[in-house]
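Asks: Give the three-dimensional model of this entry:
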Amino acid sequence: MATNTLTPEETKALLEHCGFKPIDDVGNKWRAKERDDAENEIEIGRNFNSQYPTGRFWAKKGSDFLDQSEMEELAHVKRFYSLREEWVKKKQSGEELPKWKAKVEARQEAITRAFTSTGSGKSVSRREVEHQKITVPSTEMPSPRGGTYKVGGKEEPDAWQVRQWGNNARISTQIIKSWQDDKEAGVIVRAIAPDGQYVDATVIHRYDVLKDMMLLDLIRRYEENGINPVEGYDEEGRPILTENALRDFFKRFIRFKVFAVRDAVSKAERVAILKILNREWREPEEIEAEMMEARSLKSPSP
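Replies: Predicted coordinates for the structure are as follows:
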């Protein structure tokens, strides 16, 4: 077998060619599914990290992980290794291989192409492209390009996009207060316009609420991949996670706590800038809570 000389991007392109799909935007986690002779579903994954820059396979049937010899007999894995040897030989012969691009990178390239391609076929310089990407007409807010996400089928600007708008409008931000304890992490951020007008925004991450939200999200993600992470329910009806799911849950929660203040700053800055630009946008949960409160006030007393 030829020595593997594929780069991480070439390896990811090969995974995609073999039927694997990324489950994150940066392409560090890939998944595929197949069934054994008894029609049992097998989940196959290949994860990329600093220890394994070109990825490492794992597979499991139900809650049991397959050993190396069993995994190497899976159709997806066998196809990957077979094609990888062919790709390595092509690369050694000087042939250029396809490279997988993360969603963000591919999206940015599409934006660049849109700016560099005109009806007359005229090209513009890279510097002009960079300038055009952040230019916002003073009388009109631009439609989001590249820094958006979808909520309820509607595109909304993310923190990066809002920061670009703020930079263009010469809006500065300042952290007025930040705190973190065993129960919560929070910040107050101020957005300041050139004329001195300012708006404050507060974001608080309450750990008890976040735990419930992260628990529901983890269960959803596991079920989307065909895995049941719940082994029962306690007396209050709360789900009891399997050992693997519980370990995953605590790793995610601890990682979030480490960056809780930074995340709160990013969210508060986004809200403050949108407010001072008169483009306030609220989370769906905020709107729903407000509507529930209004309905309760209108309801007749029991």
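
Asks: Every contact and neighbour count from this point should use C-alpha atoms.
Replies: Noted.

Asks: I'd guessed E184 sits against R206; true?
Replies: Yes. Between E184 and R206 there is a contact under C-alpha atoms under 8 Å: 4.4 Å.

Asks: So which residues of the stretch 51-200 of the chain form strands?
Replies: 56-61, 64-65, 148-151, 154-157, 172-180, 184-192, 198-206 (DSSP state E, counting those that start in this stretch).

Asks: Direction included, what does the fifth one pair against?
Replies: Going back to what we said before, that points to strand 172-180. According to DSSP bridges, strand 172-180 forms sheet pairs with strand 184-192 (antiparallel).

Asks: before we move on, back to that, return the most buried member of the strands of the stretch 51-200 of the chain.
Replies: Most buried of those, by mean neighbour count (mean count of other C-alpha atoms under 10 Å): strand 184-192, with a mean of 22.

Asks: Give me the distance between it and the centre of its chain.
Replies: In terms of C-alpha atoms, centre = their mean, to the nearest Å, the gap separating the centre of strand 184-192 from the centre of its chain is 23 Å.

Asks: Would you mind extracting the C-alpha trace of that strand into CSV?
Replies: Provided in CSV are the C-alpha atoms of strand 184-192 (Å, rounded to 0.1, in the frame of the first residue of the first chain):
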residue,chain,number,x,y,z
GLU,A,184,-24.4,32.5,35.5
ALA,A,185,-22.2,34.5,33.3
GLY,A,186,-23.2,37.9,31.9
VAL,A,187,-22.1,41.1,30.3
ILE,A,188,-23.3,44.6,29.6
VAL,A,189,-22.0,46.0,26.3
ARG,A,190,-22.4,49.6,25.1
ALA,A,191,-22.5,50.5,21.4
ILE,A,192,-21.5,54.2,20.9
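
Asks: And for W100, the neighbour number?
Replies: The tally of other residues near W100 (other C-alpha atoms under 10 Å) stands at 19.

Asks: ok, it touching A13?
Replies: Yes. Between W100 and A13 there is a contact at 4.5 Å, judged by C-alpha under 8 Å.

Asks: Contact partners for D195?
Replies: For D195, no contacting residues are found, by C-alpha atoms under 8 Å, 6 or more residues apart in numbering.

Asks: Any chance of the strands of the stretch 51-200 of the chain in a markdown table with distance to I273 and mean pLDDT as columns?
Replies: Listed next are the strands of the stretch 51-200 of the chain as a markdown table, based on distance: least, C-alpha to C-alpha, whole Å; pLDDT from 0 to 100:
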| stretch | distance to I273 | mean pLDDT |
| --- | --- | --- |
| strand 56-61 | 42 | 90 |
| strand 64-65 | 48 | 86 |
| strand 148-151 | 16 | 57 |
| strand 154-157 | 12 | 68 |
| strand 172-180 | 8 | 91 |
| strand 184-192 | 6 | 93 |
| strand 198-206 | 8 | 91 |
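
Asks: Report how many residues lie close to S266.
Replies: By the criterion of other C-alpha under 10 Å, S266 has 17 neighbours.
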